[in-house]
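# With the sequence up front, the predicted model follows.
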Amino acid sequence: MAITFNVDEIFEMAEEIERNGARFYREAAGNSSDAEARRLFLEMAAMEDGHEKIFANMRRELTAAMKEPVTYDPDNQVARYLQTMADFHGMEGKAAPNQKFTGKESPEEVLRAALQAEKNSIAFYVGIKDFVPDKKGKDKIQGIIIEEMMHVSTIGGKLQAMKK
C-alpha cells in the first residue's frame, strides 16, 4: 500500500518543523557567546515563529474535504509517521538533523547553515508533495514551498549584506 497524505497532515507537520526550528535557534542563542550571533539566532527563531503562524493560518483555510483522511488508519500510523518526519527532518535551523551549534560560530556561519536548511526544506516539501492526491490539496503545498523560498531570499540578502 502506498503512503498518501492529505494536505492538512502536511501543514501539521510543517508547523511542527517550524516549532522545532525556533526551539533550535533559541537554544543556539542561549549557547552563543557572540552578541551579534545571539541576535541573529533570536531573529531566525522569530522568523520560524512567523512561519508557523503563516502555516497555521493557511491550514485553517483548508476545506473539510482536504482534511478528510486519505487512507483507513485505525492505528494512527500516518500521524506517527508525520511526527517522526517532522522530528527527524527538523532541518529548519540546521544544515543536518544532528547538527548542533557550539556557540562559537560566526554570524556568517549561522546564516550559511540556515540557508542550507531552508534549501533542504524546499526539497523535502517538493518531494512530499507527490504523496498528496490532487483532490486532497496537493496544490496547497506550493504555498509552503513559496514561504520557504522567501526565507531563502531573506537569508541570502543578509549574507550579501555581510559581504559589503
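Ah, there it is. Residues are numbered from 1 along each chain as shown.

# From the structure, what's the count of residues near residue 155?
Neighbour count for residue 155, taken as other C-beta atoms under 10 Å: 22. (Glycine included, C-beta is placed from N, CA and C.)

# And for residue 65?
Residues lying near residue 65 (other C-beta under 10 Å) number 10.

# What of residue 108?
Other residues lying near residue 108 total 14 when counted by other C-beta under 10 Å.

# go on, residue 160?
Residues near residue 160, counting by other C-beta under 10 Å, number 9.

# And the helix or strand harbouring it, what does it pack against?
Per DSSP states H and E, residue 160 falls inside helix 141-163. Applying 3 or more C-beta pairs under 8 Å, 6 or more residues apart in numbering; DSSP states H and E, one finds that helix 141-163 makes contact with helix 7-31, helix 35-60, helix 107-128.

# who's in contact with the nearest residue to residue 51 once chain neighbours are set aside?
Leaving aside its sequence neighbours, residue 51 sits nearest to residue 18 (C-beta to C-beta, 6 or more residues apart in numbering; 4.6 Å). Residues counted as contacts of residue 18 (C-beta atoms under 8 Å, 6 or more residues apart in numbering) are 48, 49, 51, 52, 55, 92.

# which among the residues you listed gets closest to residue 8?
Nearest to residue 8 among the contacts of residue 18, counting by C-beta to C-beta, is residue 55 at 11.2 Å.

# Report pLDDT for residue 125.
pLDDT, residue 125: 88.
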